[in-house]
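Q: What would the 3D arrangement of this be:
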Amino acid sequence: MKTFLFIVLIIWGIPSTFFRSKFRKIVYQTDDWKINIKPLFKKEIIGLIYNLYPENKDYIKTRNNYRTYLFVYLLIFLCYYFYK
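A: Residues are numbered from 1 along each chain as shown. Sure thing, here's the model as predicted:
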């Protein structure tokens, strides 16, 4: 079972680059590809928790999708970590 959870964790992690890239481009308001290789910044965390651009529907949709993705990733990780 632990091996299965590990495989699920890896497979679930594959689209993370897509979600994070799209979210970061909206938060930092850029289309530059270099935003994907920069480290985590305060504005990204604030944008994930709060509502930076309430009028931007794409931001809200992307933020909510990214939140859901990260929540499921956390659940899978916790199941893997605490499974005996």
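Q: can we go C-alpha only for contacts and neighbour counts from here?
A: Will do.
Q: Count the residues that sit near Ile46.
A: Other residues lying near Ile46 total 12 when counted by other Cα atoms under 10 Å.
Q: buried ones in the helix or strand harbouring it?
A: Using DSSP states H and E, Ile46 maps to helix 42-49. The neighbour-count criterion (16 or more other Cα atoms under 10 Å) identifies Glu44, Gly47, Leu48 as the buried residues of helix 42-49.
Q: export those to a markdown table and tack on pLDDT?
A: Below are the buried residues of helix 42-49 laid out as a markdown table (pLDDT from 0 to 100):
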| residue | pLDDT |
| --- | --- |
| Glu44 | 90 |
| Gly47 | 93 |
| Leu48 | 93 |
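Q: Met1: which of those is nearest?
A: Nearest to Met1, judged by Cα to Cα, of these is Leu48 at 32.1 Å.
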